[in-house]
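Student: Next comes the sequence, and after it the predicted model I'd like to discuss.
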Amino acid sequence: AMNIGRSLAVLMKCGTDSVSLFSVSPAAERLRHILGEDDNTPTPTIFTEMDTLQNEGGEIEWKESARWVKFEEKVEEGGERWSKPHVSTLTLHSLFELRTCLQTGSILLDLEGYSLPQIVDEIVDRQIADGLIPPDLKEKISFVLLRKHRHQTKKPIHRSLADIGKSSSAASSEFVRRLSQSRSMNDISDTPSTDQLKNKFMKKIPRDAEASNVLVGEVDFLDKPFVSFVRLAQATTLGGLTEVPVPTRFLFILLGPQGKTKSYNEIGRAIATLMVDDLFSDVAYKARDREDLIAGVDEFLDEVIVLPPGEWDPKIRIEPPKKVPSSVLNLNELGQMNGSAGGAAGGEDTEFPAPHELGEELKFTGRFAGGLWLDIKRKAPWICSDIYDGFHIQSISAVVFIYLGCITNAITFGGLLGDATDNYQGVMESFLGTALAGTVFCAFSGQPLIILSSTGPILIFEKLLYEFSKSNGIDYMELRLWIGIHSCLQCFLLVVTDASYIIKYMTRFTEEGFSSLISFIFISDAIKKMVALKYYPINRGFKPDYITSYKCECIAPDQGESANPFLYFLYLRCFDVWFNLTDMDWSQLSKKECVNYGGTLVGNSCKYVPDLALMSFILFFGTYSMTVSLKKFKFSRYFPTTLRKLISDFAIFMSIMSFVGLDMLMGLDTPKLIVPTEVKPTRPDRGWLVMPFGKNPWWWYVASFVPALLVTILIFMDQQISAVIVNRKENKLKKGCGYHLDLFWVGVLMAACSFMGLPWYVAATVISIAHIDSLKMESESSAPGEQPQFLGVREQRLTGIMVFVLTGLSVFLAPVLQYIPMPVLYGVFLYMGVASLSGIQFWERIKLYLMPPKHQPDFSFLRHVPLRRVHLFTLVQIVCLAVLWILKSTFLAIIFPVMILGLMVVRKLLDLMFSQHDLAWLDDILPDKDKKTKEDDKKKKRNKKAAEPESDEEPNSSVPPPVKIPMEAIESHTEPVPVHVNPPAQNQTSDCEYTDPFLHLLLCQIVVSCVNV
């Protein structure tokens, strides 16, 4: 009670009439004012090096002991290597001592410095002028500060045999002798050494980085600490001061009496850690006086998380996190973030997440072709960069990857089209159509990262159209031409009326349903092709006990059931084979000879080939598994970063080449890639140009408008949803997109392919996502221990153009491509499908069904939405996906685009099942609802301002209202106790201990808490 009474009296001396437990601290207010000033220049990255003073046998030098770019690296005790990067762990006492050092030491801001001796003279003169040190210590301090710096890359200084026997007295005389020589005071080179220039660590430091040097040590001629914080007006390269040739901007010097080495080192680590902190580094650059720096330390202390000493081992080095929170700090959050560590992160604990915005590309202009014109203006400035940005080694791996996916897709759909249309469209047409449509689209479209391909619904439409034409006596190719022309005109109509605007109403619910369906189609098709085993069937009835009955014999023609003597006699005459067939030993003939001579193969094992099925599955799963492993190789511990990234970029190419080599080594007759070798139509009775008139009645030219409308809906939905997925903000695309321009060129290609009798093409979701994944860029100069930051996608047109040019040239590459086994390409298909599921929230929520709550990942939506509501939302999506899958598997697949529109209707109905808060976290708020929510928020803010006219602070719903304690009530029960606060004076003694001013502030906070209790 007595302590509380005294502390309450201290509160009276704080000079306030009331205390608010939740008000913003003075330090936060000061920082808001400092950091809120308009300054377009970004704060450079700071590289911090801490050197400690060493004295070995009379030789004084500074030895590098630790360094920071983002995380701390220590020189191991053996001195032979750097430690692993780890999160700096500081003691609270060292932070308090650092605060006191900044209060009592000398602060030199914007010092004009061009060399280390000149800077040292300025520092020492300021200390003398402030009365912190006597003038007779100037030469000694200058001598110590200008000693040579030995970095970790350098070998230690070796003494001669004559120096080994020197005593300490001889060392002291050497010290005095050096002091007498003014010219030998500076022991640091003025220019960077060869070791500095060749230091490979420069690759980890950004080009615009500046250095912060921390010098700590103990000397025998000081009786109190010598502390100085310096900020140079311009970053200056100070020769051998830093291990890398980075210009120095900040200096922190701490020299003190002997006996407190550990304390000095901890203070040095504290200031070094603060200098690489995003907030404090901004404060250090913009500070105007001592109080600004102290405010930065106070704000850092406000965010410090304390670990109990008995609960963990301080010697344990904390591994850097895989994902570091964003360094962008809202100035309004200063002083209000404390206490968030135990719960949600401060930046995430909001009522609504950041809205999903599609950008101005889908803005309704209300003008004729207004959206198309804006797309052209948006893409025109990037024409040149779209070409030269593609000249990168990463583009080679992307071209190989997407090329193999495209030719596999072209062969698969070409074969199915040939079966469905009686070879009016086959593999040859599929190759040429893919090459033509893809090249034109990538060269002129608004989003060249999109890959065009044939799709399942188009295949079903072609099949139904051919059957309809055949049963009604209508020419299929001419009818198809008019459908393509009408669909082209309808696409033009959608473009000029800005109809792509409706894509705004397709939220994540629709996108994920469509994307998941296409991914599962890729996965199922790849597995189906392997399970079908059309070319290499599995002998499912094989029984090892009856192995003696498994044989295959060649029976002579006269003993066979369907022998034709005339045919094999004609065959023998053609090949000038003259011998008596009755004298031939048919059991010695090979399988091919037996069939050629008209024999019959009889036996249980005639249609089975040993080892082919097993080898095919090894190639299939091996390609997939190796690709997944190599893609993750960049996160492994082996090999340098550049080599790991190179292996990851070429993962698919290396996997394909590895298993192609394995197949060639085994020599088995696995099914190979078959590519046409001649450029000619698959069906001999058709040409490369379809005439629009002459074969069908005239009214079919008009009636074809109706089926064309269905094709247009299919193309519009497929194209635009794929474009939305590609243009997601998560991909960080910078060159903009062009929904209207894309649809325009798809319409043009519809008409062109119809005239040439080629298949129709639209955006392929899975291959487009794979294209983006293969072109993702990451930061090259990431700090040690920091995961590379995703920078965006290499946006260019060159990879797409090269892919489709190679597809067209595949006819001439047939001798090389024939060595690629089909199971290897099916493995690539499987990888594409699985990889496209990554990052889809729907897939992550499905996996939550199988996880106990305590093992579930820390997703943001789980913090704000009850788990049962999450499962209900996921169940609705699963049911919708199942319905789409059933429709896709039947003849109703032709109405697939209409069902995509049905997903938008289901999403609208979800507003009746879920609150807008839940939908904001699990999906996206519809545009109209989003607008209404923003208006409601504005009304709430206006009402709060009207209710609190005297408040100067902006209301914040996430912060509890302040609790006011009237000081009059305190005065009636306590007597004031005098409190003396000594500001830093010139003659003030400082040993960097915890002093009264900060104790006073801490007491205020403690007492207020006690009073509230």
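Tutor: Yes, it's here.
Student: And the residue nearest the centre of the chain?
Tutor: F790 (3.9 Å; C-alpha atoms, centre = their mean).
Student: So in terms of bridging, what pairs with it?
Tutor: E778 (DSSP bridges).
Student: S658: neighbour count?
Tutor: The local packing of S658 (other C-beta atoms under 10 Å) involves 16 other residues. From N, CA and C alone the C-beta is placed, and that goes for glycine too.
Student: swap in S471?
Tutor: By other C-beta under 10 Å, neighbour count at S471 equals 8.
Student: Which of the helices or strands spans it?
Tutor: Per DSSP states H and E: S471 is located in helix 456-472.
Student: and after that helix, which helix or strand comes next?
Tutor: Remark: after helix 456-472, the chain's next helix or strand is helix 476-496, criterion DSSP H and E.
Student: export that next one as PDB, just CAs?
Tutor: C-alpha atoms of helix 476-496 as PDB (Å, rounded to 0.1, in the frame of the first residue of the first chain):
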ATOM      1  CA  TYR A 476     -20.000 -30.600 -91.400                       C
ATOM      2  CA  MET A 477     -17.100 -28.400 -92.400                       C
ATOM      3  CA  GLU A 478     -19.300 -25.700 -94.000                       C
ATOM      4  CA  LEU A 479     -21.800 -25.600 -91.100                       C
ATOM      5  CA  ARG A 480     -18.800 -25.400 -88.600                       C
ATOM      6  CA  LEU A 481     -17.400 -22.500 -90.600                       C
ATOM      7  CA  TRP A 482     -20.600 -20.500 -90.200                       C
ATOM      8  CA  ILE A 483     -20.800 -21.300 -86.500                       C
ATOM      9  CA  GLY A 484     -17.300 -20.000 -86.200                       C
ATOM     10  CA  ILE A 485     -18.100 -16.800 -88.100                       C
ATOM     11  CA  HIS A 486     -21.200 -16.100 -86.000                       C
ATOM     12  CA  SER A 487     -19.200 -16.800 -82.800                       C
ATOM     13  CA  CYS A 488     -16.500 -14.400 -83.900                       C
ATOM     14  CA  LEU A 489     -19.100 -11.600 -84.500                       C
ATOM     15  CA  GLN A 490     -20.600 -12.300 -81.100                       C
ATOM     16  CA  CYS A 491     -17.200 -12.100 -79.400                       C
ATOM     17  CA  PHE A 492     -16.700  -8.700 -81.200                       C
ATOM     18  CA  LEU A 493     -20.100  -7.600 -79.800                       C
ATOM     19  CA  LEU A 494     -19.100  -8.600 -76.300                       C
ATOM     20  CA  VAL A 495     -15.800  -6.700 -76.700                       C
ATOM     21  CA  VAL A 496     -17.300  -3.400 -78.000                       C
END
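Student: List the buried residues for it?
Tutor: Residues of helix 476-496 classed as buried: 476-492, 494-496 (neighbour count, 16 or more other C-beta atoms under 10 Å).
Student: how far out from the middle of the chain is it?
Tutor: How far helix 476-496 lies from its chain's middle: 40 Å, per C-alpha atoms, centre = their mean, to the nearest Å.
Student: For it, name the packing helices and strands.
Tutor: Contacts defined by 3 or more C-beta pairs under 8 Å, 6 or more residues apart in numbering; DSSP states H and E place helix 476-496 against helix 370-379, helix 456-472, helix 699-703, helix 705-726, helix 739-756.
Student: Of all those, which one is nearest F229?
Tutor: Set against F229 and scored by C-beta to C-beta, the helices and strands packed on helix 476-496 come closest in helix 370-379, at 48.4 Å.
Student: The closest one: how far from the chain's middle?
Tutor: Chain-centre distance of helix 370-379: 29 Å, with C-alpha atoms, centre = their mean.
Student: how close does the closest residue to R126 other than its chain neighbours sit to D125?
Tutor: Closest residue in space to R126, ignoring its immediate chain neighbours: S106 at 4.9 Å, by C-beta to C-beta, 6 or more residues apart in numbering. According to C-beta to C-beta, to the nearest Å, S106 and D125 sit 10 Å apart.
Student: again, but for D289
Tutor: With distances taken as C-beta to C-beta, D289 is found 19 Å from D125.
Student: Looking at those two, which is more packed in?
Tutor: D125 (13 against 9).
Student: Assign the more buried one to helix, strand or coil.
Tutor: The three-state assignment at D125 reads helix, by DSSP: H, G, I helix; E, B strand; the rest coil.
Student: for it, what are its contacts?
Tutor: By C-beta atoms under 8 Å, 6 or more residues apart in numbering, the residues touching D125 are K138.
Student: same check, this time on I769
Tutor: 515, 725-726, 835-836.
Student: What values do phi and psi take at the residue nearest to R126?
Tutor: phi -90, psi 140 (degrees, to the nearest 10).
Student: Wait, it touches V227, no?
Tutor: Yes - contact criterion C-beta atoms under 8 Å: S106 and V227 qualify, at 7.1 Å.
Student: To which secondary structure element is P788 assigned?
Tutor: Counting by DSSP H and E, no helix or strand carries P788.
Student: Next one, pLDDT for it please.
Tutor: You'll see P788 listed with a pLDDT of 73.
Student: Counting neighbours, what do you get for it?
Tutor: By other C-beta under 10 Å, 15 other residues sit near P788.
Student: I'd say it and E778 touch.
Tutor: Yes - judged on C-beta under 8 Å, P788 makes contact with E778 at a distance of 3.8 Å.
Student: where does M275 sit relative to P245, distance-wise?
Tutor: From M275 to P245 the distance is 19 Å (C-beta to C-beta).
Student: related to what we said a few turns ago, next, the angle helix 705-726 makes with the helix holding S471.
Tutor: Here helix 456-472 points in a direction 170 degrees away from that of helix 705-726 (axes from the mean of the first three to the mean of the last three C-alpha atoms, to 10 degrees).
Student: what helices or strands is helix 456-472 leaning on?
Tutor: Against helix 456-472 (3+ C-beta pairs under 8 Å, 6+ apart) you get helix 393-420, helix 476-496, helix 705-726, helix 896-909.
Student: Let's test this: mean pLDDT of that helix, rounded?
Tutor: 80.
Student: how about it: buried residues?
Tutor: Neighbour counts using 16+ other C-beta under 10 Å place 456-463, 465-466, 469 of helix 456-472 among the buried residues.
Student: now stretch 493-509
Tutor: 494-501, 503-504, 506-509.
Student: so who does K680 touch?
Tutor: K680 makes contact with M428, according to C-beta under 8 Å, 6+ apart.
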